[in-house]
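Novice: no FASTA, just this:
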């Protein structure tokens, strides 16, 4: 093995030097022999190796790191089943535009086709999910290829990339001269600092916005990735526009800001005359565009053009760096009918207040097992303003998404439109490692726990005091209630009632609390948040409560 003063280093060290030059601090992984050289390189270069219990969690942790830091997240998955186990998380990162670099192990090239352990060509089946998928053809190509994977992952639209490394190449040595220079020389840019949208497109949009009496902003994950929150704040405060947020966009305007709304969304979108749709696709969450009034002018704003056609006509499309685009839009749209907009805001505030008041009964419901809303009513009283809240579940997390408030960017994480359960522990691990002084609270259903519950062991081993709050109703509620509505019966939708998942977490080295009644909930939450280790508050919730769902699968 090469020494520090050698002119050559092994391939794993090349990987690590490129990562370090790009500012990567953590590598999430599950131990695999194909990756030993990369581990050795990371150890030598000062990159922390964070090991988990399932490759899916490693990839979700890399995505979680990307989400909470708005920088690239990196995981290493061993050959064959290591890569295939991470596929769902890679697909999730793709749909969320999360900049993740996935490093794969690979059977040795000199034995290729002879049946080495875990030999399979990953690239063809990974490629549809990533922006780049490649394999170096020699040790001397490793550094440049890792640099390229980092650059491509961060370029708009950001997203995952994949590079796997033949075992022989990554253990061989190559010259160390200039390694990582591509990253360290600034080739990995900050695209949100770049130019905004085309001027003529901005002019068209500004003219629409300037004349609007009932404008609205619907913004999402792309706003967060594009670092557009400050420019958005300036725009909506001066032009007096109500704002709705989803996905990672939550918190980009504080939940207690006068122009932030959530409960009045259907009224606002359905009656707006101009809608700025910023960083969010017109997918099922927005009724494929039907959430907006048929005659509303939609202005699409994002960092880059979508790879899907819009499901309805739009009035203008603005693609470019969001701070510059939104600032130009503000400059061109001044002078609108502010009196009418104030009346519009007041009407939406009345609707918002009315709907929030109607929730009080559920937030204070005294039943046992508990109404899920009671859980979030109590949780609101113990969360810090900058707490990072993570959702991993079906109906339980749907309630959370409706009522849990976010006050800063990066404070709400959920699986996004791909909807893959099991993301929570990986997200929570990354969030707690990135921000060790902040509350990290994982909201999960009892069904979701089955996907990655063993990674509470990971949380314990790495010393992160994540608090899990479980809604345990003993069913797959997201499926059971709709199936019974459609057919009068349900199948494959029941779990074991009152399972002691809190004892599972205790057995893994954490703290566990069982909550059967509303009076037990607040003390359990306070004790869990005060613990110096991971904890799970296992709340038995009423299985008869069905989330009032409006959206459909398509």
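Specialist: Nice, thanks for sending it over. As the structure is a computational prediction, the values presented were derived from the model and not from experiment.
Novice: isn't residue 32 up against residue 79?
Specialist: Yes. Counting by Cβ atoms under 8 Å, residue 79 is a contact partner of residue 32 at 6.9 Å. (C-beta placed from N, C-alpha, C; glycine too.)
Novice: residue 12 against residue 37, yeah?
Specialist: Yes. Between residue 12 and residue 37 a contact is recorded at 3.1 Å, counting by Cβ under 8 Å.
Novice: joint contacts of the two?
Specialist: 170-171 (Cβ atoms under 8 Å, 6 or more residues apart in numbering).
Novice: give me the beta-bridge partners of the residue most central in space within the chain?
Specialist: With distances taken as Cα atoms, centre = their mean, the chain has residue 413 as the residue nearest its mean C-alpha position (4.8 Å). Note on residue 413: beta-bridge partners by DSSP bridges are residue 390.
Novice: check contacts around it.
Specialist: Under the criterion of Cβ under 8 Å, 6+ apart, the neighbours of residue 413 are 64, 67-68, 248, 388-391, 427, 431.
Novice: mind checking the SS state of residue 513?
Specialist: strand (DSSP: H, G, I helix; E, B strand; the rest coil).
Novice: show me where pLDDT drops low in the stretch 1-150 of the chain?
Specialist: 1-6 (pLDDT under 70).
Novice: which residues in it form helices?
Specialist: 11-21, 36-45, 55-69, 81-85, 87-96, 123-126, 142-154 (DSSP state H, counting those that start in this stretch).
Novice: so which of those comes closest to residue 253?
Specialist: Closest to residue 253 of those, according to Cβ to Cβ: helix 55-69, at 18.1 Å.
Novice: same for the closest one, what does it pack against?
Specialist: strand 26-29, strand 73-77, helix 81-85, helix 87-96, strand 100-106, strand 412-413, helix 424-434, helix 446-452 (3 or more Cβ pairs under 8 Å, 6 or more residues apart in numbering; DSSP states H and E).
Novice: distance to residue 331 and neighbour count added to the contacts of residue 413, as TSV?
Specialist: Shown next, in TSV, are the contacts of residue 413 (distance: Cβ to Cβ, whole Å; neighbours: other Cβ atoms under 10 Å):
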residue	distance to residue 331	neighbour count
64	37	31
67	31	31
68	32	25
248	27	30
388	35	29
389	36	26
390	38	29
391	37	25
427	38	27
431	37	30
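Novice: widest-spaced pair of the residues you listed?
Specialist: 68 and 391 (14.0 Å).
Novice: pull the helix or strand with minimum mean pLDDT from the chain.
Specialist: Least confident helix or strand, the chain: helix 181-182 with a mean of 49, by mean pLDDT, DSSP states H and E.
Novice: tell me which of the helices and strands packed on helix 55-69 sits most buried.
Specialist: Of all these, strand 73-77 carries the top mean neighbour count, a mean of 31, counting by mean count of other Cβ atoms under 10 Å.
Novice: just checking, what packs against it?
Specialist: Using 3+ Cβ pairs under 8 Å, 6+ apart, strand 73-77 sits against strand 26-29, helix 55-69, strand 100-106.
Novice: direction included, what does the shortest one pair against?
Specialist: Looking at strand 26-29 with DSSP bridges, its partner strands are strand 48-51 (parallel), strand 73-77 (parallel).
Novice: check the offset of that strand from the chain's centre.
Specialist: Put simply, strand 26-29 sits 17 Å off its chain's centre (Cα atoms, centre = their mean, to the nearest Å).
Novice: identify the residues contacting that strand?
Specialist: Outside strand 26-29, the residues touching it (Cβ under 8 Å, 6+ apart) are 19, 35, 38-39, 42, 47-52, 57-59, 61-62, 65, 73-77, 103, 426, 429-430, 433.
Novice: could you pull up the residues touching residue 247?
Specialist: 96, 220-221, 224, 280, 414, 416.
Novice: please repeat the previous calculation with a cut-off of 10 Å.
Specialist: 96-97, 219-224, 279-280, 285, 401, 412-414, 416-417 (Cβ atoms under 10 Å, 6 or more residues apart in numbering).
Novice: strands of the stretch 351-500 of the chain, start to end?
Specialist: Counting by DSSP state E, counting those that start in this stretch, the stretch 351-500 of the chain has strands at residues 388-392, 412-413, 440-445, 467-472.
Novice: quick one: low-confidence residue ranges for this protein.
Specialist: In the chain (pLDDT under 70), the answer is 1-6, 177-189, 550-554.
Novice: distance from the chain centre to the helix ranked longest in it, please.
Specialist: The longest helix of the chain (DSSP state H) is helix 338-363. Chain-centre distance of helix 338-363: 29 Å, with Cα atoms, centre = their mean.
Novice: please renumber so the chain begins at 14
Specialist: Let's use 14 as the start, then, which means that last one is helix 351-376.
Novice: check which helices and strands it sits against.
Specialist: strand 228-232, helix 242-252, helix 278-284, helix 385-392, helix 408-416 (3 or more Cβ pairs under 10 Å, 6 or more residues apart in numbering; DSSP states H and E).
Novice: please redo it, this time with the cut-off set to 6 Å
Specialist: Applying 3 or more Cβ pairs under 6 Å, 6 or more residues apart in numbering; DSSP states H and E, one finds that helix 351-376 contacts helix 385-392.
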